[in-house]
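Colleague: let's see this in three dimensions:
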Amino acid sequence: MSFDPLAKTLVLDTSVLVNFLVVDRLALLPGVVGAILITDHVREEITDAYPEQIARYDQGLGAGLFQVLSVSEAAELEAFKRLSSDRVLGVGECSAIALAGVRRYGIGLDDKQARNKALAAFPTLQIFGTKDLIVAAIQHRLLTLADADALKAAWETEHRFPFKFASFSDVLPHN
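Modeller: Have a look, this model is predicted:
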């Protein structure tokens, strides 16, 4: 079965990456995204306080679920510098936005303030949050609605990541 990915390439910010790591579902993402990139700054934000997340990250990297890149081109470095100059966003967010914006990739980003800064810097940037990725996984039949709602419950009760809807059925597009 071939999928029409949300974005051909998606750069993940720490928040989206960690959301999938904590529920051990990183392997869902290649079914809804063409390629996944993670900056080395984002990797650094996965702290030693969460050894399961680091182990899952390393497993995903070893399995080829994503690639790790550095912000290294002149335009990326300039964008990173601009985004981080006011110290409002973390280095993971700044690096992910800079890489996605300059290279014209999509970005996985949940934080509202980071989304606003990303769009101010790169107005045509495609932004997808955790919710969007789960909805795409349901649409591509990679997750059932019950499984998606179970992930939502785990994020809300065990990981302090609330959603503003009762069930993913409330946010699925209806044809």
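Colleague: what's the first helix or strand after the helix or strand that contains residue 17?
Modeller: Assigned by DSSP states H and E, residue 17 belongs to helix 14-22. Following helix 14-22 in sequence order, the next helix or strand is strand 35-39 (DSSP H and E).
Colleague: could you list every helix and strand in contact with that following strand?
Modeller: strand 9-12, strand 67-69, helix 91-103 (3 or more CB pairs under 8 Å, 6 or more residues apart in numbering; DSSP states H and E). No exception for glycine: its C-beta is placed from N, CA and C like everyone else's.
Colleague: in TSV, list those along with distance to residue 130, mean pLDDT and mean neighbour count.
Modeller: What follows is the helices and strands packed on strand 35-39, written out as TSV (distance: least, CB to CB, whole Å; pLDDT from 0 to 100; neighbours: other CB atoms under 10 Å):
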stretch	distance to residue 130	mean pLDDT	mean neighbour count
strand 9-12	10	95	26
strand 67-69	20	95	13
helix 91-103	14	96	26
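Colleague: so for residue 152, which of those sits nearest?
Modeller: strand 9-12 (18.9 Å; CB to CB).
Colleague: contacts for that closest one?
Modeller: For strand 9-12, the external contacting residues (CB atoms under 8 Å, 6 or more residues apart in numbering) are 29, 33-39, 42, 66, 96, 99-100, 103, 105-108, 128.
Colleague: ok, now stretch 79-99?
Modeller: Stretch 79-99 has contacts (CB under 8 Å, 6+ apart) with 11-14, 37, 39-42, 44-45, 69, 71, 76-77, 101-102, 105, 107-109, 111, 113-114, 117-118, 121-122, 125.
Colleague: please repeat the previous calculation with a cut-off of 7 Å.
Modeller: Contact with stretch 79-99 is made by 11-14, 37, 39, 41-42, 45, 69, 71, 76, 101-102, 107, 109, 111, 113-114, 117-118, 121, as judged by CB atoms under 7 Å, 6 or more residues apart in numbering.
Colleague: show the buried residues in those.
Modeller: By neighbour count, with 16 or more other CB atoms under 10 Å, the contacts of stretch 79-99 hold 11-14, 37, 39, 41-42, 45, 69, 71, 76, 101-102, 107, 109, 111, 114, 117-118, 121 as buried.
Colleague: what's around residue 85, how many residues?
Modeller: Close neighbours of residue 85, defined as other CB atoms under 10 Å, add up to 9.
Colleague: now the phi/psi pair for it, please.
Modeller: Backbone geometry at residue 85, expressed as degrees, to the nearest 10, gives phi -60, psi -30.
Colleague: what about it, distance to residue 35?
Modeller: 29 Å (CB to CB, to the nearest Å).
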